[in-house]
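> turn this into a model:
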Amino acid sequence: MHVGTAVFTLLVHEPSPRSKRDLTKDCQCPIVCDGSLANEPERIRRRSLGTINWEQAKTLATEWLKWGQLTEPIKAVVRAEDNVIVEQAIERFKKSKGPEGENLDDLTLRKYQILLGDRLLPWCKRHGYTFISQLDSMIICEDFVHSWRNLNPNQNKPNLPWQDKLLSRTTKVAELSRFRYFLEYCVDSGWLNTNAAKKVKVEDRGAGTAKYGLNPDEYERVLEEARRWRDS
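Predicted structure coming up:
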């Protein structure tokens with residue numbers, strides 16, 4: 001009996017009685033097969049199928065051909081946590097810190113909204129990161145941190161051109177601390193294996209030069225405020 005394709009075939013053999021006298025007896029020898037399988041390096045020779053039932057032997061031979069080997073392949077188990085998208089992780093984090101959870105103050109919640117809702121979520125969408133598990137990488141976390149810009153460079157002043165302004169180091173350190181805290185929540189929730197943001201460093205821009213007096217723009221603002229005070 002042949003089972004399989006022209007490339008990989010198993011030939012299932014009926015047991016052969018050793019003598020004519022054995023023809024009258026019910027043979028209890030297991031059915032065997034010969035052939036080749038995709039993932040087995042050596043040819044299958046007289047391999048027992050462990051049964052004397054033809055239907056069972058045919059079923060097992062068919063499975064071996066489907067698997068390409070003599071044992072069933074180990075199936076990768078996909079954890080439900082791996083399917084948590086970034087937006088879901090953010091919403092569950094915010095809920096855990098809001099009135100129904102730790103009930104953090106409004107200012108702290110607003111800062112997390114800026115980090116997660118205004119920075120992280122749009123950045124992930126632009127770069128094609130859908131699942132929170134994709135942030136389990138220092139390189140990706142580092143790229144995200146390096147992308148941070150001042151989201152209000154004109155300080156709500158109207159009719160001014162947009163400025164691509166970096167965050168101050170103090171603000172960046174605070175944002176990184178909040179980002180690490182969020183990822184730690186994701187680790188505790190089973191969505192990440194590690195908190196990769198712990199390895200990200202904020203660049204040290206140095207102490208800078210000593211500053212005496214006001215910068216020109218600061219001086220102009222002082223004069224403007226003085227004129228307003230005088231004219232009021």
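> could you check how far the residue most central in space within the chain is from I140?
Centroid check for the chain by C-alpha atoms, centre = their mean gives S133 as the closest residue, at 2.2 Å. For S133, the distance to I140 equals 11 Å [C-beta to C-beta, to the nearest Å]. C-betas here are computed from N, CA, C, even on glycine.
> next: S177.
Going from S177 to I140 by C-beta to C-beta gives 18 Å.
> looking at the two, which is more packed in?
I140 (16 against 13; other C-beta atoms under 10 Å).
> contacting residues for that one?
I140 is in contact with 129, 134, 196, counting by C-beta atoms under 8 Å, 6 or more residues apart in numbering.
> spatially nearest residue to the second one (excluding sequence neighbours)?
Pointing back at Q134 there. Among residues not flanking Q134 along the chain, I140 sits closest, at 6.6 Å (C-beta to C-beta, 6 or more residues apart in numbering).
> what about the one you found, which SS state?
Assigned with DSSP: H, G, I helix; E, B strand; the rest coil, I140 falls in the helix class.
> pLDDT below threshold where in the chain?
For the chain, the stretches with pLDDT under 70 are 1-27, 73-82, 204-221, 223, 227-232.
> please repeat the previous calculation with a cut-off of 90.
1-83, 99-101, 104, 150-169, 201-232 (pLDDT under 90).
> what's the end-to-end length of stretch 138-154?
Start-to-end span of stretch 138-154 (C-alpha to C-alpha, to the nearest Å) is 32 Å.
> and stretch 155-167, by the same measure?
End-to-end span of stretch 155-167 (C-alpha to C-alpha): 13 Å.
> quick one: it to chain centroid distance?
Mean-position distance between stretch 155-167 and its chain equals 34 Å (C-alpha atoms, centre = their mean, to the nearest Å).
> if we can go back for a sec, just the contacts of I140: which are in helices?
The subset of those located in helices under the criterion DSSP state H is empty.
> for L65, see how far away E72 is.
13 Å.
> show me which of those two is the more surrounded one.
Comparing E72 with L65 by other C-beta under 10 Å, the one with more neighbours is L65, at 20 against 10.
> who does the helix or strand hosting that one touch, helix- and strand-wise?
Per DSSP states H and E, L65 falls inside helix 54-67. Contacts defined by 3 or more C-beta pairs under 8 Å, 6 or more residues apart in numbering; DSSP states H and E place helix 54-67 against strand 2-4, strand 9-13.
> assign the nearest residue to G68 once chain neighbours are set aside to helix, strand or coil.
Spatial nearest neighbour of G68, chain neighbours left out: A38 (3.5 Å); criterion: C-beta to C-beta, 6+ apart. In the three-state summary, A38 is assigned as coil, counting by three-state DSSP.
> what's the burial count for A38?
Neighbour tally, A38, other C-beta under 10 Å: 11.
> and T130, by the same measure?
Number of residues near T130 (other C-beta under 10 Å) recorded here: 12.
> mind listing what's buried along the helix of greatest length in the chain?
For the chain, the longest helix by residue count, based on DSSP H, is helix 169-188. For helix 169-188, burial by neighbour count (16 or more other C-beta atoms under 10 Å) applies to 172, 175-176, 178-180, 182-183, 185-186.
> can you map out the strands along the chain?
Remark: strands assigned in the chain by DSSP state E are 2-4, 9-13, 32-35, 44-48.
> so what's the residue lying closest to S137 once chain neighbours are set aside up against?
Take S137 and drop its neighbours on the chain: the residue closest to it by C-beta to C-beta, 6+ apart is A196, 5.7 Å away. By C-beta under 8 Å, 6+ apart, the contact list for A196 reads 135-138, 140-141, 183.
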